[in-house]
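Peer 1: mind folding the following:
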Amino acid sequence: MVTGNKLGLFCLLLAALGVVARAHVTEYDEYWREREAAARRLAEEAYHPDPEEVTDELNEHVNKAIEGLNTTRRHLTGNFGSCTATNPIDRCWRCRPNWQKERKRLARCAKGFGRHTTGGLRGRYYVVTDSSDSSLTDPKPGTLRHAVIQTRPLWITFAADMVIRLQQELIVQSDKTIDGRGAEVHIAHGAGFTIQYVHNVIIHGIHIHEIKSGNGGLIRDSVDHFGLRTPSDGDGISIFGSSNIWLDHLTMSRCTDGLIDATMGSTAITISNSFFTYHDKVLLFGATDAYPEDERMQITVAFNHFGEGLVQRMPRCRRGFFHVLNNDYTQWRMYAIGGSKNPGPVPTFWRPGAKLKFGPRAGGPDPTELEWRPSALKVTTEWRPGASAPLAPVLGRACKNPTIISQGNRFVAPDDLHAKQVTKRESATEETWKHWVWKSEGDLMVNGAYFTPSGAPLSMKHSRHDKIKAKHGGYASRLTRFSGALHCRAGRPC
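Peer 2: Numbering: from 1, shown residues only. Next up is the predicted model:
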C-alpha cells in the first residue's frame, strides 16, 4: 500500500501536469482530445532522427549565400538589380520587386528544423480589413480572429496599417500564414498568439509588443468549436504541442511573460530574422522538467538580433536539440543561453484517460498504479513494468538534457564582470552538467564574453571532413542586418 505522503506527492504532481497538459482549456472535451492526438502524430512525423543533417544543410545554405556563388547570384538577382538580402532565407524571396504578386514564394523559403513549413500555401488569400476584436465567440468577418479560426488553409494579409488589440488570446488553426508585408501591423496592448495542438503555421513580418495576460472566458478556437479558457500567461507567441512552425521577421518586445514559448513536445520550429528588445525572459523551450516528450523538441534559432534591454533566456532549453546559428547578441544582463538540470526519475506521462504508473525503480515491481482520468485519480493494484506510450520513458530512466549547438554567433558581453558568461546551467553542479552536450563553434566573443562548453562530441555519423562548418561569428551582424519586421512596399524589393 502506498503511503499517504507518497500518494499526496504524486497527486500534486499529476494535478500540475494535468493543468500544463490542458494549457488553459477548462473543459478537455472530445474535440481537444482528438486535436491533441492528431498533433502528437504529426509531431512524431516531423521529428528528424539525425538533427546534424539539418544543421549541416543550413550551414551549407549560409555558406553559399555569403560566398555569392555564380549560380546562386544569377538565380537570385537576375534582372532585379542588386540584392541587399544577406542570408539564405531572405535571398529566397526578398530580391524580387514583384513580391506582392508572388507572396506565396515565401512558403518555399524556410530553413532549419521548420524547413517543411508552408503555412497557407495551398489556400486562398484572406485580407484583414478590420482591426477590431469585439466578439470572441462570433468573430466578425474581416478580422484577424475570424481568419485564424478557419479550418481550411489560408494566406492572411492586411489591407492597411493597423494596431490590433486582442481582447483574449488568439488561437490559431493549422495551415495558416499571417503575412504582414505591405502594411505595418502591430499586435499590441492586449493578448498574444496561441498555437496549440496544430501544425504548419507561418507568422511573418509583424510587430508584437506590450502583450498582457488575458482573463480567459469563452473563446472560439475554430469555426465549429468554442470553449471556456483559463487566463493566458501574457506570452507574445505560445507554441504548445505543435509542429512545423516558422516565425520570421518579427519585431518583439515587452510582453508580460515570454516573447516566445515552445512547450509540450513542440518540434520542427524555426525562429529567424527577428529583432528582440526590452524584455526579461525572451525564449523558453520547455516549460517543465517533468515532461519527457520535450525530448523530441528540435528548434532552429537563426539570423536574429538580440538587442537592447534583454536580460536572459535567448533561449533557455530543457530537453531536445537546439541549433543557435549566426545570431547577433548585442546585449544581455544575466546570460544569453541557458538550460536546466536533469530532474532525475519522473513518472511516465500519459494523455488524460490513460494509465500512469510509477514505481521505486524502472520496471520494478510495485503494487500501486495510478489511473488518471480528467475528473479523478484512482488507485488500483495492478502493475505492468515498462512504458508502452510512445516517447514516454519509464520511471527511473534518465531524462535527456538539452543539446545546444551554438555556431557563428556574435556575443557582446555586458560591462558587468559577473555577467560575461554566455551560458548558464540551472541548478546543477559541474559534475552533472559536464555531461550535457553544449558546443560552441565559430562564435565571436566580444568584451570578455565566454562560452563554457560541455559534453562529448555529438556523434560519429559525420566525419570531421564531411561536417559543414558554420560561417564565423564575424558575419553575424551582416546576416542579421535586416532583422525584424521589414518595411515592404509594392513594386520594390523589401
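Peer 1: strands along the stretch 301-450 of the chain, start to end?
Peer 2: Counting by DSSP state E, counting those that start in this stretch, one finds strands in the stretch 301-450 of the chain at the ranges 305-306, 310-312, 316-317, 321-325, 328-329, 337-340, 355-357, 369-372, 377-380, 403-407, 410-412, 423-426, 438-441, 444-446.
Peer 1: which strands or helices does the third one pack on?
Peer 2: Helices and strands in packing contact with strand 316-317 are listed as strand 283-285, strand 337-340; criterion 3 or more Cβ pairs under 8 Å, 6 or more residues apart in numbering; DSSP states H and E. Bear in mind the C-beta positions are built from the backbone N, C-alpha and C, glycine included.
Peer 1: and the closest residue in space to residue 407 that isn't next to it in sequence, what's its pLDDT?
Peer 2: Counting by Cβ to Cβ, 6 or more residues apart in numbering, the nearest residue to residue 407 once its immediate chain neighbours are dropped is residue 470, at 3.5 Å. In this model, residue 470 is scored at 95, pLDDT.
Peer 1: pretty sure residue 470 sits in a strand.
Peer 2: No: secondary structure assignment (DSSP: H, G, I helix; E, B strand; the rest coil) places residue 470 in coil, not in a strand.
Peer 1: residue contacts, it?
Peer 2: Contacts of residue 470 were listed using Cβ atoms under 8 Å, 6 or more residues apart in numbering, and they are 59, 62, 325, 326, 407, 408, 441, 442.
Peer 1: what's the angle from whichever strand or helix holds the second one to strand 403-407?
Peer 2: Read that as residue 62. Secondary-structure element containing residue 62, defined by DSSP states H and E: helix 51-67. Relative orientation of helix 51-67 and strand 403-407, computed by axes from the mean of the first three to the mean of the last three Cα atoms, to 10 degrees: 10 degrees.
Peer 1: helix 51-67 packs against which elements?
Peer 2: In terms of contacts (3+ Cβ pairs under 8 Å, 6+ apart), helix 51-67 is packed against helix 88-91, strand 298-302, strand 321-325, strand 403-407.
Peer 1: show me what whichever helix or strand comes after the first one pairs with in its sheet, parallel or antiparallel.
Peer 2: Spelled out, that is helix 88-91. On the C-terminal side of helix 88-91, the closest following helix or strand by DSSP H and E is strand 124-128. In the sheet containing strand 124-128, its partner strands are strand 154-158 (parallel), by DSSP bridges.
Peer 1: buried ones in the strand it pairs with, by neighbour count?
Peer 2: For strand 154-158, the buried set under the neighbour-count rule, 16 or more other Cβ atoms under 10 Å, comprises 154, 155, 156, 157, 158.
Peer 1: could you dump these into CSV with distance to residue 320 added?
Peer 2: Written out in CSV, the entries for the buried residues of strand 154-158 read as follows (distance: Cβ to Cβ, whole Å):
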residue, distance to residue 320
154, 30
155, 30
156, 29
157, 33
158, 34
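Peer 1: if we only consider the residues you listed, which is nearest to residue 127?
Peer 2: Proximity to residue 127 was ranked across those by Cβ to Cβ; first place goes to residue 157, at 5.4 Å.
Peer 1: touching, the closest one and residue 126? I think so.
Peer 2: Yes: in this structure, residue 157 is within contact of residue 126 by Cβ atoms under 8 Å, at 7.4 Å.
Peer 1: so residue 241 sits against residue 43, correct?
Peer 2: Yes: counting by Cβ under 8 Å, residue 241 does reach residue 43; the two are 7.1 Å apart.
Peer 1: tell me which stretches of this structure form helices.
Peer 2: Listed from the start of the chain, the chain has helices (DSSP state H) covering 4-22, 30-46, 51-67, 70-77, 88-91, 144-148, 430-433, 476-479.
Peer 1: average pLDDT for the fourth one?
Peer 2: Averaged across helix 70-77, pLDDT comes to 46.
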